[in-house]
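>>> A predicted structure for the sequence below; I have some questions about it.
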Amino acid sequence: MTTIQIPKTLKLQVVEALKTKRANFSGSDSKFATSMGINPAQYNRIKNGETEKVVSDQNWISMARQLELNMDGSAQWQTANTPVFQKVTAILHKCQKSNISAMICDSADIGKTYTAKVFCKQNKNAIYVDCSQVKSKQKLIRLIAKEFGVGHTGKYNDVYEDLCYYITKISNPIVVLDEAGDLQYDAFLELKALWNATERACAWVMMGADGLKEKIRRAIDNKKVGYTEIFSRYGKRYQRCTPEGREELDSFTKTQAALIIKANAPKTVDVQKMLVKTDGSLRRIYTEISKLN
């Protein structure tokens with residue numbers, strides 16, 4: 001069996017990234033440690049500069065993953081101030097400031113996820129959730145609790161009640177639920193209950209591609225219990241960032257893609273050639289630029 005060796009350089013990157021993340025976490029050191037999957041004593045040692053024989057290599061890998069560090073040492077992706085970045089950021093700021101909820105439904109591969117992750121890294125009490133990884137009620141609520149540093153491994157009812165209590169006691173929390181269309185029915189219903197329990201104390205934002213909009217529309221048309229209430233609680237409208245016309249959308253996509261290429265590709269790269277090669281797909285752009293760095 002091969003043993004994974006974690007280089008000292010990665011551990012030091014984790015330590016620095018933990019400092020940044022801690023600055024935007026309003027709970028105690030103990031809760032922060034819980035959110036990162038380690039115990040308070042371990043976090044205290046890491047905070048004081050210790051990196052050897054503090055936590056397991058698996059813990060270092062887990063923290064590096066949560067902090068989205070590149071284990072291969074490649075450069076971190078640079079943020080381009082695109083129209084989607086501006087619009088999604090503005091929506092999230094408004095929701096967090098006023099403790100209101102919203103639903104963002106738009107085309108895939110336009111930068112919604114990237115923007116939400118950046119926002120949650122840079123703002124206090126902001127939690128990002130990839131719902132495609134936690135589709136059931138139990139997994140969803142336990143992950144949200146963990147991200148806030150609330151106990152998440154005990155009885156489900158205790159986890160849920162502790163989470164609701166904690167959310168209502170901190171300043172302007174926001175939970176961004178990306179890929180929300182992947183959630184199972186019981187998870188959708190639990191989100192309605194969570195909204196009720198934290199009304200005017202927490203912002204909830206659902207994000208997804210056009211499939212989320214269609215899923216909710218069909219459920220409402222078929223009078224499926226809970227969906228009309230969810231739609232109402234999340235603002236009664238589907239917000240979008242891109243124009244709807246085909247030609248306008250194509251132009252919008254290429255403008256965005258060009259900004260991202262300029263921010264991340266080596267200066268020698270021909271932007272127009274890269275646009276043609278990738279057809280403006282942000283995922284393909286990331287792949288192509290990764291090959292160059």
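Nice, I can see it. Numbering: from 1, shown residues only.
>>> Direction included, what does the helix or strand hosting residue 205 pair against?
Assessed by DSSP states H and E, residue 205 sits inside strand 203-208. Applying DSSP bridges, strand 203-208 is found paired with strand 102-105 (parallel), strand 174-178 (parallel).
>>> Reformat those as JSON lines; add mean pLDDT.
Formatted as JSON lines, those follow (pLDDT from 0 to 100):
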{"stretch": "strand 102-105", "mean pLDDT": "96"}
{"stretch": "strand 174-178", "mean pLDDT": "98"}
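>>> just the ones you listed: most buried one?
strand 174-178 (a mean of 26; mean count of other C-beta atoms under 10 Å). In short, each C-beta sits where N, CA and C put it, glycine included.
>>> Contacts for it, please.
92, 95-96, 112-113, 116, 119-120, 123, 125-131, 144, 183, 191, 202-208 (C-beta atoms under 8 Å, 6 or more residues apart in numbering).
>>> Keep only those of these that are in strands.
Among the contacts of strand 174-178, the members falling in strands (DSSP state E) are 126-130, 203-208.
>>> Pull out the buried residues from these.
Among the ones in strands among the contacts of strand 174-178, those classed as buried by 16 or more other C-beta atoms under 10 Å are 126-129, 203-208.
>>> nearest to residue 107, of the residues you listed?
Lowest distance from residue 107 to those (C-beta to C-beta) belongs to residue 208, with 10.6 Å.
>>> quick revisit: next, report how far the strand holding residue 205 is displaced from the centre of its chain.
10 Å (C-alpha atoms, centre = their mean, to the nearest Å).
>>> Run through who's touching that strand.
By C-beta under 8 Å, 6+ apart, strand 203-208 touches 91-92, 95-96, 98-105, 112-113, 116, 172-181, 191, 194-195, 198, 212, 233-234.
>>> in stretch 42-53, what's buried?
In stretch 42-53, counting by 16+ other C-beta under 10 Å, buried: 42-43, 45-46, 51.
>>> Of those residues, which pair is most distant in space?
43 and 51 (12.5 Å).
>>> Tell me which residue is most central in this protein.
residue 128 (3.0 Å; C-alpha atoms, centre = their mean).
>>> Now for that one: which residues touch it?
Going by C-beta under 8 Å, 6+ apart, the list of residues near residue 128 reads 116-117, 119-120, 147, 176, 178.
>>> can I get those in JSON lines with distance to residue 36?
Shown next, in JSON lines, are those (distance: C-beta to C-beta, whole Å):
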{"residue": "116", "distance to residue 36": "20"}
{"residue": "117", "distance to residue 36": "16"}
{"residue": "119", "distance to residue 36": "19"}
{"residue": "120", "distance to residue 36": "15"}
{"residue": "147", "distance to residue 36": "10"}
{"residue": "176", "distance to residue 36": "19"}
{"residue": "178", "distance to residue 36": "20"}
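>>> Quick one: which of those residues is the most crowded by neighbours?
When those are compared by neighbour count (other C-beta atoms under 10 Å), residue 176 ends up highest, at 29 neighbours.
>>> Look up how far residue 52 lies from that one.
Plainly put, residue 176 is 36 Å away from residue 52 if you go by C-beta to C-beta, to the nearest Å.
>>> go on, residue 219?
53 Å.
>>> Same check on residue 141?
Taking C-beta to C-beta, one finds residue 141 at 36 Å from residue 52.
>>> try residue 165
On the measure of C-beta to C-beta, residue 165 and residue 52 end up 38 Å apart.
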